[in-house]
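*Asks:* Only the shape, not the letters, is given here:
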Ligand SMILES: Nc1ncnc2c1ncn2[C@@H]1O[C@H](COP(=O)(O)OP(=O)(O)O)[C@@H](O)[C@H]1O
Ligand SMILES: [Mg+2]
């Protein structure tokens, strides 16, 4: 459903992504792995129209989306949960949610409060007063309310305590069960292993390895992980 | 006592006019990261528009209502052909180009209306004075305080209590994230620009009967609007209100004992405030 073919992305004069091709199919959870600076976030941003120059082709459900405005791409149901969470700090938690509500979404605010009881307790608080974990939950909640057809999740576990990470994993699993495909960027391999169907490894803006979950523990995959993921 | 009251009322009236100037500038900056040096020129044009409508219709009220609408329509055109191409460029380029727009507007008004200031007569209904005991005060100045307060409340309700306002506030903090939620940020930008500029037009029309109308009022107001925004904090609505009132009151009190020194005092107060709060009273880092 999401097909990225031969994209090259640039920030000003620096060429960040080199001839990247991949796809995410209906119901799949696919991971993008790689060290810091490998180009994972840039890949997500390229699809969403946030990178100034992207060449190649990107299509979603059969229609080309390259060159559309970010809000047009988002309206097609490509929802990003950003690495920095990007919570609106001057809005309350509730307003952050209200702003994201879109007609037709399988999730409404009451479903969100069931999934994330913490957010209901905090609904009158300002977005700036939340802990890291709460911010991550709010960022996920926003994406769910926004009628997602595919979710991009950029390092959801970054900087969070293990108990919170477990909660986040449970939510991702539940989203996946509902049939919505997910493109997950994650450094925590444990998180990837328990959720993913397929993996791609990025290094300096190029794919160096690709495998299914079944092959993720093969000898070759272990070698690749050691070579490209260990710090 | 009544002298102080007089100066306070004057200061509040002026301050609210400055608030109308500053709020547009600050929201446009906060949201689009756009520095608009032509803001004062639109204020002057608001005053001229009021003058023109009034000389055609004979009604100040028609001028007051139509002036911001004319300025808004002009802003719509300028945003479409020019300003929207500038949101992404460097501040220095924005400043150069908007100074160009400002000069074109100023020279245009000089060509059309000449150098002799125009005056606008206060309508019959507001022409008198109010008197309490020994205290007398012009009705029109009270009218300014009332109208600007109403506009301020209306704006506050719009920003705080409506979905549209929520989108504006969110957009002034993280425009990209708003776009990522599927909201047309470009449309929001142009509406904000038009609204902000139209408020400058209202301010110009309101001040016209007191100050008179000439081509140089824009530059004067631009400087003050920037002081207001710097004092209050870039991007902050309440900051523009507080900043406007501070500048208005400082100006009003200084003119009581040192008329030539009002600008010196205003800029000193600004310097003092940003020494302790570099982002302004209510600005964020
Ligand atoms: N806004 C930007 N402007 C210029 N260069 C950028 C920008 N964002 C990222 N980069 C560069 O692109 C490369 C990839 O970054 P990124 O996609 O954020 O990596 P990752 O998400 O894999 O850690 C890095 O070298 C980074 O410096
Ligand atoms: Mg990243």
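*Replies:* Arrived safely, thanks for sending. Note that the coordinates shown come from a computational prediction; the quantities given were computed from them, not determined experimentally. Numbering: from 1, shown residues only, chains lettered A, B, ... in the order given. Ligands and ions are numbered 1, 2, ... in the order given.
*Asks:* who's in contact with residue 175?
*Replies:* Here I'm looking at chain A. Going by C-beta atoms under 8 Å, 6 or more residues apart in numbering or on different chains, residue A:175 touches A:144, A:151, A:182. Every C-beta, even on glycine, is put in place using the N, C-alpha and C of the backbone.
*Asks:* actually it's chain B I care about, not the one you picked
*Replies:* If a contact means C-beta under 8 Å, 6+ apart, then residue B:175 has B:31, B:32, B:185, B:189 as its contacts.
*Asks:* excluding its backbone neighbours, what's nearest residue B:32?
*Replies:* residue B:87 (4.8 Å; C-beta to C-beta, 6 or more residues apart in numbering or on different chains).
*Asks:* Confirm that neighbour sits in a helix?
*Replies:* No - under the criterion used here (DSSP: H, G, I helix; E, B strand; the rest coil), residue B:87 is coil, not part of a helix.
*Asks:* ok, back up a step: which one among the contacts of residue B:175 gets closest to chain A?
*Replies:* When the contacts of residue B:175 are compared for distance to chain A (C-beta to the nearest C-beta), residue B:185 wins out at 5.9 Å.
*Asks:* Against residue A:70, how distant is that closest one?
*Replies:* 8 Å (C-beta to C-beta, to the nearest Å).
*Asks:* any common contacting residues for those two?
*Replies:* Residues touching both residue B:185 and residue A:70 by C-beta under 8 Å, 6+ apart: residue B:179.
*Asks:* What about the contacts of residue B:175, which are in helices?
*Replies:* B:31, B:32, B:185, B:189 (DSSP state H).
*Asks:* and ligand 1, which of those contact it?
*Replies:* Intersecting the ones in helices among the contacts of residue B:175 with the contacts of ligand 1 gives an empty set (criterion: C-beta under 6 Å from any ligand atom).
*Asks:* Reformat these as CSV; add pLDDT.
*Replies:* Formatted as CSV, the entries for these read as follows, by pLDDT from 0 to 100:
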residue, pLDDT
B:31, 86
B:32, 89
B:185, 89
B:189, 91
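*Asks:* just so I have it, where are all the strands in the chain?
*Replies:* This is for chain A. Ranges of strands within chain A are A:2-11, A:14-24, A:29-33, A:53-60, A:63-64, A:78-81, A:150-154, A:182-185, A:198-203, A:206-212, based on DSSP state E.
*Asks:* please go with chain B instead
*Replies:* Using DSSP E, strands in chain B cover B:129-132, B:135-138.
*Asks:* In JSON lines: those strands, plus mean neighbour count and distance to ligand 1.
*Replies:* Compiled in JSON lines, those are given as follows (neighbours: other C-beta atoms under 10 Å in any protein chain shown; distance: least, C-beta to the nearest ligand atom, whole Å):
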{"stretch": "strand B:129-132", "mean neighbour count": "10", "distance to ligand 1": "59"}
{"stretch": "strand B:135-138", "mean neighbour count": "16", "distance to ligand 1": "55"}
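*Asks:* With mean pLDDT and distance to residue B:203 as added columns, please give the ones you listed in CSV.
*Replies:* Output for those, formatted as CSV (pLDDT from 0 to 100; distance: least, C-beta to C-beta, whole Å):
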stretch, mean pLDDT, distance to residue B:203
strand B:129-132, 88, 23
strand B:135-138, 90, 18
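*Asks:* Dump these into CSV; add distance to ligand 2 as well.
*Replies:* Putting the strands of chain B into CSV (distance: least, C-beta to the ion, whole Å) gives the following:
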stretch, distance to ligand 2
strand B:129-132, 64
strand B:135-138, 62
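*Asks:* okay if I get those as CSV plus distance to residue B:7?
*Replies:* Rendered in CSV, the data for those read as follows (distance: least, C-beta to C-beta, whole Å):
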stretch, distance to residue B:7
strand B:129-132, 16
strand B:135-138, 11
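*Asks:* and of those strands, who's closest to residue B:118?
*Replies:* When those are compared by C-beta to C-beta, strand B:135-138 sits nearest residue B:118, at 19.8 Å.
*Asks:* Low-confidence stretches in the stretch 151-285 of chain B?
*Replies:* In the predicted model of the stretch 151-285 of chain B, residues B:285 satisfy pLDDT under 70.
*Asks:* If we use 90, what do you get?
*Replies:* B:169, B:171-173, B:185-186, B:234-236, B:256-257, B:259, B:283-285 (pLDDT under 90).
*Asks:* Now the residue in it that ligand 2 sits nearest to: closest residue in space, sequence neighbours ignored.
*Replies:* Residue of the stretch 151-285 of chain B nearest ligand 2, by C-beta to the ion: residue B:176 (14.9 Å). Here the nearest residue to residue B:176 in space, its sequence neighbours aside, is residue A:50; by C-beta to C-beta, 6+ apart that works out to 6.5 Å.
*Asks:* Now for that neighbour, how many residues are close by?
*Replies:* The number of residues packed around residue A:50, counting by other C-beta atoms under 10 Å in any protein chain shown, is 18.
*Asks:* Now the terminal residues of stretch B:175-194, how far apart.
*Replies:* With C-alpha to C-alpha, to the nearest Å applied, stretch B:175-194 spans 17 Å between its terminal residues.
*Asks:* Residue B:119: what's it in contact with?
*Replies:* Residue B:119 touches B:209, B:212, B:213, counting by C-beta under 8 Å, 6+ apart.
*Asks:* isn't the first one right up against residue B:127?
*Replies:* When you say that, I think you mean residue B:209. No - between residue B:209 and residue B:127 there is no contact, the gap being 9.5 Å when judged by C-beta atoms under 8 Å.
*Asks:* ok, those two, which is more surrounded?
*Replies:* More crowded of residue B:209 and residue B:127, by other C-beta under 10 Å: residue B:209, with 27 against 12.
*Asks:* What distance do you get for the more buried one to chain A?
*Replies:* Here residue B:209 is placed at a distance of 37 Å from chain A (C-beta to the nearest C-beta, to the nearest Å).
*Asks:* show me the residues around whichever residue of chain A sits closest to ligand 2 that make contact.
*Replies:* Closest residue of chain A to ligand 2, C-beta to the ion: residue A:41 (3.1 Å). If a contact means C-beta under 8 Å, 6+ apart, then residue A:41 has A:83, A:154, A:185 as its contacts.
*Asks:* again with residue A:185
*Replies:* Remark: with contacts taken as C-beta under 8 Å, 6+ apart, residue A:185 is in contact with A:31, A:32, A:33, A:40, A:41, A:44, A:83, A:152, A:153, A:154, A:155.
*Asks:* looking at those, which has the most residues close by?
*Replies:* Ranking the contacts of residue A:185 using other C-beta under 10 Å puts residue A:153 first, with 27 neighbours.
*Asks:* what does the model give that residue for pLDDT?
*Replies:* For residue A:153, the pLDDT comes out at 97.
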